[in-house]
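A.B. asks: The sequence and its predicted three-dimensional model are supplied below.
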Amino acid sequence: TTDVTNVQFAYMMVIRTAIRSPLMLVFSFIMAFVMGGRMAWIFLFVLPVLGLGLALVIAKTIPLFRRVFKKYDKLNESIQENVKAMRVVKSFVREDREKEKFFQRSETLRQTAERAFGFVVTFIPMVNLIMGGTIVSIMWLGGHYVAGGQMLSGDLLAFFTYASEILMALMMVAMVMMVLTRSIACGKRIVEVLEEQP
């Protein structure tokens, strides 16, 4: 059921965000070039950096999420064995052994999950750092252009609006990709269950 919930959440994110965000990104990018001229070249540096960071995080997290779900299976298997064979465990006085086995499996699950979600969590500050750097660059360049009379302050404000639209669209696309990495591993597990011969 966890796998199905993750796939459902990813599908919901795709139909709500993954269609709207790229369109918002493209049209805001075009308008930023129309309004900002030379300042819009900042985004040609920002987009590849974000894309590279996202590709690295996805490459690292997909195998880790597969391992997390295998650890979930081991933990569930341990619980299922204890529930089904409760009398056998009590008869042979194996409670301590079973508790130790459960603790080891839950501990390995925790460590693997921390590593997997650690990569996902580090991506968010990286995106915020890039977004902040972009805004500071726009303010610095735009301030010089306005002070030099090459740009009107209203055009700079409009450019800021398009810049924030571009950055928010990038953030949404990145979030969808993060959710998709987890749901890909879940989808493969669901397919394994569906293809299992009774």
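C.D. replies: Received, thanks.

A.B. asks: Show me which residues of stretch 65-85 are buried.
C.D. replies: Using 16 or more other C-beta atoms under 10 Å as the burial criterion, the residues of stretch 65-85 that qualify are Phe65, Arg66, Arg67, Val68, Phe69, Lys71, Tyr72, Leu75, Ser78, Asn82. Quick note: C-beta positions are derived from backbone N, CA and C, even for glycine.

A.B. asks: Ignore what I typed, I meant stretch 174-183.
C.D. replies: Buried residues in stretch 174-183, defined by neighbour count with 16+ other C-beta under 10 Å: Ala174, Met175, Val176, Met177, Met178, Val179, Leu180, Thr181, Arg182, Ser183.

A.B. asks: Which helix or strand contains the first one?
C.D. replies: Read that as Ala174. Using DSSP states H and E, Ala174 falls within helix 153-195.

A.B. asks: For that helix, which helices and strands make contact with it?
C.D. replies: When contacts are defined as 3 or more C-beta pairs under 8 Å, 6 or more residues apart in numbering; DSSP states H and E, helix 153-195 sits against helix 2-13, helix 20-36, helix 41-84, helix 95-147.

A.B. asks: picking that back up, among the buried residues of stretch 174-183, which one lies nearest to Ser21?
C.D. replies: For those, the minimum distance to Ser21 (C-beta to C-beta) is 7.2 Å, reached by Val176.

A.B. asks: from what I can see that closest one touches Ile15, true?
C.D. replies: No - under the criterion of C-beta atoms under 8 Å, Val176 lies out of contact with Ile15, with a separation of 10.4 Å.

A.B. asks: what is in contact with these two at once?
C.D. replies: Where contact means C-beta atoms under 8 Å, 6 or more residues apart in numbering, no residue is in contact with each of Val176 and Ile15.

A.B. asks: between the buried residues of stretch 65-85, which is nearest Thr134?
C.D. replies: After measuring those against Thr134 - C-beta to C-beta - the closest member comes out as Phe65, at 29.7 Å.

A.B. asks: Contact partners for that closest one?
C.D. replies: Ala116, Thr181, Arg182, Ile184, Ala185.

A.B. asks: again with Gly187
C.D. replies: With contact set as C-beta under 8 Å, 6+ apart, Gly187 has these partners: Asp3, Val7.

A.B. asks: Would you mind measuring from it to Asp3?
C.D. replies: Shown here: Gly187 relative to Asp3, a distance of 8 Å by C-beta to C-beta, to the nearest Å.

A.B. asks: just to revisit the earlier point, out of the buried residues of stretch 65-85, which one sits closest to Met151?
C.D. replies: Within the set of the buried residues of stretch 65-85, Phe65 lies nearest Met151; the separation is 46.2 Å, counting by C-beta to C-beta.
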